[in-house]
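*Asks:* Next input, structure requested:
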Amino acid sequence: MVKIAPSILSADFCNLNSEIRRVSGADWLHVDVMDGAFVPNLTVGVPVVASIRRHTDMFLDVHLMIDKPARYIDAFCKAGADLLSVHLEADHPARIADALHAMEANGVKKAVALRPITSAKAVLPYIEQLDMVLVMTVEPGFGGQAFMEQQLSTIREVRSLIDRYHPGCELEVDGGIAPGTAGKAIEAGATVLVAGSAVYGAENPANAIELLRTGR
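*Replies:* Down below sits the predicted model:
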């Protein structure tokens, strides 16, 4: 069954505890960490992840859109992340490998993320050790962007690589996921869908989660 990971980027941060409870029927909770350097936006950091962890038992899927992420892996692991995604574009390959080794040492699930400019084949040096690959279907940095249809081919390519080299690896898709695009991402091979406004902007988030899960 497809997992749904609502993004708190679309939540009301003045009422974050209640906003998390609103999506408690989801499988994961997606936390977008942006540093104003790797992407042109600032969001949350280690203290907010730690606060979220104290108030929920949900699986925390923490997406690090930050430069040189190896520097912060230990801190986010200690804050309570269950899974960390690092962008392959955020540092050179040896340092990305260091970030993944740090996740392993902390017992946290490991993922790499791909911007739309990045080839699916970029995951090959890492794929056999990963728990997840994240394919972005928007340019990272801001919520509410439109789904990039051309990224369906990247999702399919990553799906093929996962099936060949590491079938147990999840394939997450993030960006513009809504009732009109969820089914396309699932058909292309996604097993986890990140959705922000499609869930938090819905009158009934629980119903929205179930609709996305079925690809409708």
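
*Asks:* which residue sits closest to the one residue sitting closest to the centre of the chain, ignoring its sequence neighbours?
*Replies:* Nearest to the mean C-alpha position of the chain, by C-alpha atoms, centre = their mean, lies H63 at 5.0 Å. In space, and not counting its chain neighbours, H63 is closest to S85: 4.7 Å by C-beta to C-beta, 6 or more residues apart in numbering. Every C-beta, even on glycine, is put in place using the N, C-alpha and C of the backbone.

*Asks:* Now do the helix or strand that that neighbour is a member of: which elements does it pack against?
*Replies:* Following DSSP states H and E, one finds S85 within strand 83-87. The contact analysis (3 or more C-beta pairs under 8 Å, 6 or more residues apart in numbering; DSSP states H and E) places strand 83-87 against strand 59-65, helix 73-79, helix 93-106, strand 109-114, strand 132-136.

*Asks:* let's see it at 7 Å
*Replies:* Strand 83-87 sits against strand 59-65, helix 93-106, strand 109-114, with contacts defined as 3 or more C-beta pairs under 7 Å, 6 or more residues apart in numbering; DSSP states H and E.

*Asks:* so what strands line up beside that strand?
*Replies:* Strand 83-87 has the following strand partners under DSSP bridges: strand 59-65 (parallel), strand 109-114 (parallel).

*Asks:* Any buried residues in the shortest one, and which?
*Replies:* Neighbour-count burial for strand 109-114, with 16 or more other C-beta atoms under 10 Å as criterion, is recorded at K109, K110, A111, V112, A113, L114.
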